[in-house]
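# Got a predicted structure here, sequence first:
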Amino acid sequence: MKQHQHPYTAVAFDLDGTLVDTVPDLAHAGNLMLQSLSMQAVRLEDVRLWIGDGIDVLTHRILSHNNPQPPEYGNELHVAASTTFKQFYFDNVCVHSQLYPNVRELVEKLHKSSLITAVITNKPRKFTLPLLQALKLDGLFDAIICGDDLPKKKPDPAQIQHFLTEQSLDATQLLMVGDSKNDLLSAQNAGCDQVFVSFGYHQGIDPQSYNPNYIVDDFAELEFLL
């Protein structure tokens, strides 16, 4: 196991809106789904506000926007549309998605350090791994915990607790980096310090209302915390 000195032994990152701007490909897949259903398209800037609660929820938000009779969540049409969306997204998971500035530099530096690093995301594994592989990040983390790996996901602390148990860590040794209230709440519920990145998908929240330990505007600022 990697050994590290104070203040943190490990750092975990959310994926969408934290490491990677995935909105262009998610919006494209959503509009392909809507086109297949003869429904009105959505704007990229709207999709940016809907990410963070999983693909099934995102599908419903896309279906509900601009369309007067959207399907109910979980009904047959919603499930079918979600399946269509997932296929379109799988086929185009990293066409226009890009790392945020200074992400690669920091992740590569942390990989060479004594810190334990992880990705903890609500994104399903079938999309997470191809995305990380396409961006050449897949070999740079000690653990990758996805939204369908456990029965519960963020804002529940289960994913973080699973990582802490796997690595024999105390919650105070982990710093969680994310862009949404789900990231902040999951870390707080697990007893971990949190970093809120100001450039991600905030769903319109005011991060100050969730009292994160730190707020950063660029990944380069994280190096000073680690």
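In hand now; what should we look at?

# how about Arg48, what does it touch?
The neighbourhood of Arg48, defined by C-beta atoms under 8 Å, 6 or more residues apart in numbering, consists of 23, 201. Quick note: C-beta positions are derived from backbone N, CA and C, even for glycine.

# can you confirm it is in a helix?
Yes: membership of Arg48 in a helix is supported by DSSP: H, G, I helix; E, B strand; the rest coil.

# How about Thr59, nearest residue that isn't a chain neighbour?
With C-beta to C-beta, 6 or more residues apart in numbering as the measure, Ser82 is the residue that lies nearest to Thr59, at 4.2 Å, once sequence neighbours are left out.

# so Leu44 makes contact with Val23?
Yes: proximity of Leu44 to Val23 meets the contact threshold set by C-beta atoms under 8 Å, at 5.9 Å.

# out of those two, which sits in the more crowded spot?
It is Val23, of Leu44 and Val23, that has more neighbours when counted by other C-beta atoms under 10 Å, with 22 against 14.

# Could you tell me how far the lengthiest helix in the chain lies from the centre of the chain?
As far as residue count goes, and with DSSP state H defining each element, the longest helix of the chain is helix 76-91. Between the mean C-alpha location of helix 76-91 and the chain-wide mean there is a distance of 19 Å, by C-alpha atoms, centre = their mean, to the nearest Å.

# Any buried residues in that helix, and which?
For helix 76-91, a neighbour-count test (16 or more other C-beta atoms under 10 Å) marks 78, 81-82, 84-86, 88-89 as buried.

# Can you add distance to Met33 and give the residues you listed back as JSON lines?
Written out in JSON lines, the entries for the buried residues of helix 76-91 read as follows (distance: C-beta to C-beta, whole Å):
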{"residue": "His78", "distance to Met33": "11"}
{"residue": "Ala81", "distance to Met33": "6"}
{"residue": "Ser82", "distance to Met33": "8"}
{"residue": "Thr84", "distance to Met33": "5"}
{"residue": "Phe85", "distance to Met33": "4"}
{"residue": "Lys86", "distance to Met33": "9"}
{"residue": "Phe88", "distance to Met33": "6"}
{"residue": "Tyr89", "distance to Met33": "9"}
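
# domain assignment for this structure?
Taking automatic domain parsing as the criterion, the chain consists of the domains 10-22+97-225, 23-91.

# Give me the residue ranges of this structure where confidence is low.
Counting by pLDDT under 70, the chain has low-confidence residues at 1-6.

# all strands for it, in order.
10-13, 20-21, 98-99, 116-120, 143-145, 174-178, 193-197, 214-216 (DSSP state E).

# Let me have those strands in CSV, adding distance to Pro68 as columns.
Below are these laid out as CSV (distance: least, C-beta to C-beta, whole Å):
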stretch, distance to Pro68
strand 10-13, 39
strand 20-21, 31
strand 98-99, 35
strand 116-120, 38
strand 143-145, 39
strand 174-178, 35
strand 193-197, 36
strand 214-216, 39
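
# Dump those into a markdown table; add mean neighbour count and distance to Gly54 as well.
Written out in a markdown table, the entries for the strands of the chain read as follows (neighbours: other C-beta atoms under 10 Å; distance: least, C-beta to C-beta, whole Å):
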| stretch | mean neighbour count | distance to Gly54 |
| --- | --- | --- |
| strand 10-13 | 26 | 18 |
| strand 20-21 | 22 | 16 |
| strand 98-99 | 14 | 22 |
| strand 116-120 | 24 | 14 |
| strand 143-145 | 19 | 14 |
| strand 174-178 | 27 | 15 |
| strand 193-197 | 25 | 20 |
| strand 214-216 | 15 | 25 |
